[in-house]
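S.K.: just the structure for this:
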Amino acid sequence: MARLLEAIDRAGGYMFGSTEASADYIWTSATRTGWASDKNVLDIQERWIDYKEEYDKQEREEWAKQAEEMQQGEEMNENDT
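M.R.: Here you go, the predicted structure:
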């Protein structure tokens, strides 16, 4: 995994400097604060158990709005050409 990250960074123009001991440094710093530390069990319970239908409805409405906006953008691009 570390080699994959290194290859991706190299392709993007970033090279690891001599100050970084190894690619493991990335994982150490990422997990030090607990990657998704702003979430807890109660957040997950609220989303997937207590209010699942409400969140699903809100999510579907947002997706429909995004799809409509994308469609309008495509129509505007077609009209421009």
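S.K.: list the buried ones in the helix or strand that contains Glu62?
M.R.: Using DSSP states H and E, Glu62 sits in helix 52-80. Neighbour counts over helix 52-80 (16 or more other C-beta atoms under 10 Å) mark no residue as buried. Quick note: C-beta positions are derived from backbone N, CA and C, even for glycine.
S.K.: could you shift the numbering so residue one becomes 13, and keep it that way?
M.R.: Understood, numbering begins at 13; the last thing we discussed is helix 64-92.
S.K.: quick one: mean pLDDT over it.
M.R.: Across helix 64-92, pLDDT averages out at 91.
S.K.: which other helices and strands contact it?
M.R.: When contacts are defined as 3 or more C-beta pairs under 8 Å, 6 or more residues apart in numbering; DSSP states H and E, helix 64-92 packs onto no helix or strand at all.
S.K.: and Met13, how far from Glu80?
M.R.: Distance of Met13 to Glu80, given as C-beta to C-beta, to the nearest Å: 39 Å.
S.K.: wait, I meant Arg22
M.R.: According to C-beta to C-beta, Arg22 and Glu80 sit 40 Å apart.
S.K.: next one: Glu65
M.R.: 23 Å.
S.K.: and if you look at Met88?
M.R.: To Glu80, Met88 is 13 Å away according to C-beta to C-beta.
S.K.: same check, this time on Glu18
M.R.: Counting by C-beta to C-beta, the gap from Glu18 to Glu80 is 41 Å.
S.K.: repeat that for Ala23.
M.R.: Ala23 is 35 Å from Glu80, by C-beta to C-beta.
S.K.: and what of Leu16?
M.R.: Per C-beta to C-beta, Leu16 is found 37 Å from Glu80.
S.K.: how is the chain partitioned into domains?
M.R.: Here the domain parsing of the chain from automatic domain parsing is 14-44, 53-92.
S.K.: show me what the strand or helix carrying Ala19 is packed against.
M.R.: Using DSSP H and E, the element containing Ala19 is helix 14-23. When contacts are defined as 3+ C-beta pairs under 8 Å, 6+ apart, helix 14-23 sits against helix 36-44.
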